[in-house]
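Asker: with the sequence up front, the predicted model follows.
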2 protein chains.
Amino acid sequence: MKFGVAMFPSKQLQDKVNQYRKRYDAHYALIPPHITVKESFEADESEKDSIIEYLKEVAKNHRPVEIEIKKVSSFVPNSQVIYFKVEKNEQLQAIHDDLNKGDFYGENSHPFVPHFTIAQGQTSQEYEDMFGHLSMIGIDHSETLNKISLCFQLENGMWQVSETFRLGSEE
Amino acid sequence: MKFGVAMFPSKQLQDKVNQYRKRYDAHYALIPPHITVKESFEADESEKDSIIEYLKEVAKNHRPVEIEIKKVSSFVPNSQVIYFKVEKNEQLQAIHDDLNKGDFYGENSHPFVPHFTIAQGQTSQEYEDMFGHLSMIGIDHSETLNKISLCFQLENGMWQVSETFRLGSEE
């Protein structure tokens, strides 16, 4: 089955991001707004316990992370994804690196650009219109993320949170 | 905001339940298949930490629960909900009772009937047809549930898992 690791923000930020995703994100119904810290990987259900142990250890070794969002950006020309950019953040990078340095289901294939997707899955023409519109959004938001979440994908494509791990927790 | 407490089963069982929900459950897109152990309740976001502490304590005091599903049933005439009935289960009842005995956001308004909803939100005529069809499903499934999950509802109606708590865990 497919697993991934994400960080979910406050209800307030999720509701804000969803206002845009509802209209512009083809994956809107499959997963709530999140920062991906480990892209989806294939593992057998029997490996779940060792995945959980690994994540518990990673969570223990990091503190809660203050994030800041100041603008809308896009991955064009690599992909027509528009997102709320999370400002460069060493703590977040360190969590990502622990999950992608090679001893936990492979290395990352792209450099880590922390973000909340607001639009994807549109045609090129639609993309131009959307980016013109969305790049005007005024956003200035900060908050603290205090956990990482192990997710897995159901047959219908929807992602579900399986376990959560508090950052900086001995538990 | 609205919170609730649920127990989510294995991917295998979720996929099976979703086969039916996809066609018959109006709430299909809002939350994955689950057993509700605490109906939705209103609480301020500032109360979340104390809710988490309470649930951690409840989880610690119970062991993982073996559940068994043998048949399809319905809440008619009270409501036109069709579900996979979870066989009577003292451990599950005890978890439910700890969350509904009155000192944690009120008592339960209905007796606890543990179940996985497969159909709801249809007209009376549709209900008759559906129940005729669904009551024929042969099901005989057992598995162990090892955690309770705190969920909250986003503005768009979708429920998200906020924190998970392992049953029987000192952590």
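Answerer: Arrived safely, thanks for sending. Predicted, not measured: the structure shown is a model, and the values here were computed from it.

Asker: ok, residues contacting the longest strand along chain A?
Answerer: Longest strand in chain A, counting residues (DSSP state E): strand A:65-74. For strand A:65-74, the external contacting residues (C-beta atoms under 8 Å, 6 or more residues apart in numbering or on different chains) are A:7, A:9, A:13, A:35, A:80-87, A:89, A:91-92, A:95, A:114-116, A:118, A:131, A:134-135, A:137, A:139-146, A:167. Glycine gets a C-beta too; all of them are placed from N, C-alpha and C.

Asker: next one: the helix or strand following it to chain centre, how far?
Answerer: Using DSSP states H and E, the helix or strand that follows strand A:65-74 towards the C-terminus is strand A:82-86. Mean-position distance between strand A:82-86 and its chain equals 11 Å (C-alpha atoms, centre = their mean, to the nearest Å).

Asker: strand A:82-86 - contacts with which helices or strands?
Answerer: The contact analysis (3 or more C-beta pairs under 8 Å, 6 or more residues apart in numbering or on different chains; DSSP states H and E) places strand A:82-86 against strand A:65-74, strand A:115-119, helix A:124-134.

Asker: got the residues of chain A near chain B?
Answerer: Within chain A, the positions near chain B by C-beta under 8 Å from any C-beta of the partner chain are A:1, A:8, A:10-11, A:14-15, A:18, A:22, A:29, A:32, A:45, A:147, A:149, A:152, A:154-156, A:158, A:160-164, A:171.

Asker: who's in contact with the residue sitting nearest the centre point of chain A?
Answerer: Chain A has residue A:35 as the residue nearest its centroid, 1.9 Å off, counting by C-alpha atoms, centre = their mean. Residue A:35 is in contact with A:6, A:7, A:9, A:67, A:86, A:92, A:114, A:115, A:116, A:145, counting by C-beta under 8 Å, 6+ apart.

Asker: now with 6 Å, please.
Answerer: Each residue near residue A:35 by C-beta atoms under 6 Å, 6 or more residues apart in numbering or on different chains is listed here: A:7, A:114.

Asker: with mean pLDDT and mean neighbour count added, can I get the helices and strands packed on strand A:82-86 in JSON lines?
Answerer: Listed next are the helices and strands packed on strand A:82-86 as JSON lines, based on pLDDT from 0 to 100; neighbours: other C-beta atoms under 10 Å in any protein chain shown:
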{"stretch": "strand A:65-74", "mean pLDDT": "96", "mean neighbour count": "18"}
{"stretch": "strand A:115-119", "mean pLDDT": "96", "mean neighbour count": "23"}
{"stretch": "helix A:124-134", "mean pLDDT": "88", "mean neighbour count": "14"}
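
Asker: nearest to residue A:41, out of the ones you listed?
Answerer: strand A:115-119 (19.0 Å; C-beta to C-beta).

Asker: what lies in contact with the closest one?
Answerer: With C-beta under 6 Å, 6+ apart as the test, strand A:115-119 has contacts from A:17, A:20-21, A:24-25, A:33, A:81-86, A:130.

Asker: could you identify the most distant pair in the residues you listed?
Answerer: A:86 and A:130 (20.0 Å).

Asker: what residues does the residue of chain A most remote from its centre make contact with?
Answerer: Residue farthest from the centre of chain A, counting by C-alpha atoms, centre = their mean, is residue A:125 at 26.2 Å. Listed by C-beta under 6 Å, 6+ apart, residue A:125 has no contact partners.
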